[in-house]
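Q: when you get a sec, could you give me coordinates for this:
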Amino acid sequence: MKFSVPGCTKTTNALLTAALALGALLWAGAASNRSAFAQNTNAQAATQAPAPASAGKDVVIDEHQRSAQVFYMQRFAKSGWQRGEEIYYMKCWICHNDYTIKAEKGAAPTLRGMYKKESLWNGDPVNDQTVIKQIKDGSSRMPGFGYTLNDKDMADLMAYLRDKCCWDETKPEPNPKYKYQ
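A: Have a look, this model is predicted:
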């Protein structure tokens, strides 16, 4: 293949031809690597089924990696109601808070005192099974978290909702570190 640009010297034309040939070789090699990578990835995907959300295992997190602590909702505790409180504030509080309820008619109810009520808004009795079903399946106005929260997450969230939920947001407790005069 001979490449020639009018007005250029023979040396410049030779360099341009060599550069085009090298570019074509690199492009062909990259294209074959992409197709081999795609075939390998497809073969791996066919043999490995995705793990369900309920298969959640304890994840070892570096104590200094703040983003992983936030992602796995383990900033304050690894399990128990303290972790459930974090899950509540990361997933539930955005809709189930006093400010949204007062601002919009028909908004999500507050979850404070939920276990003291006789039934959920849909008529089901209030117990762990019906609350978990509501959280996992969702409803017409609530997203389902069945694929987002695994069994460990649900256990921690239930511990918080059942025993500790929720403080009155309109009347927060005084800050113990603040010195009142």
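
Q: and the helices in the protein?
A: Counting by DSSP state H, the chain has helices at residues 10-47, 66-71, 81-87, 98-103, 128-137, 151-163.

Q: so which of these is nearest M114?
A: Taking CB to CB, helix 151-163 is the member of those nearest to M114, at 6.5 Å. Every residue, glycine included, has its C-beta placed from N, CA and C.

Q: going by neighbour count, which residues in that closest one are buried?
A: Using 16 or more other CB atoms under 10 Å as the test for burial, helix 151-163 gives 153-162.

Q: same deal with stretch 121-132?
A: Buried, per 16+ other CB under 10 Å, within stretch 121-132: 131-132.

Q: could you export that stretch as PDB, CA atoms only?
A: Extracted in PDB, the C-alpha atoms of stretch 121-132 (Å, rounded to 0.1, in the frame of the first residue of the first chain):
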ATOM      1  CA  TRP A 121     -52.800   0.700  56.800                       C
ATOM      2  CA  ASN A 122     -53.600  -2.200  54.500                       C
ATOM      3  CA  GLY A 123     -55.600  -4.100  57.200                       C
ATOM      4  CA  ASP A 124     -53.000  -6.800  58.000                       C
ATOM      5  CA  PRO A 125     -52.300  -7.300  61.700                       C
ATOM      6  CA  VAL A 126     -49.000  -5.800  63.000                       C
ATOM      7  CA  ASN A 127     -46.400  -8.500  63.500                       C
ATOM      8  CA  ASP A 128     -42.900  -9.200  62.200                       C
ATOM      9  CA  GLN A 129     -44.100 -11.300  59.300                       C
ATOM     10  CA  THR A 130     -46.600  -8.800  57.900                       C
ATOM     11  CA  VAL A 131     -44.200  -5.900  58.400                       C
ATOM     12  CA  ILE A 132     -41.400  -7.800  56.600                       C
END
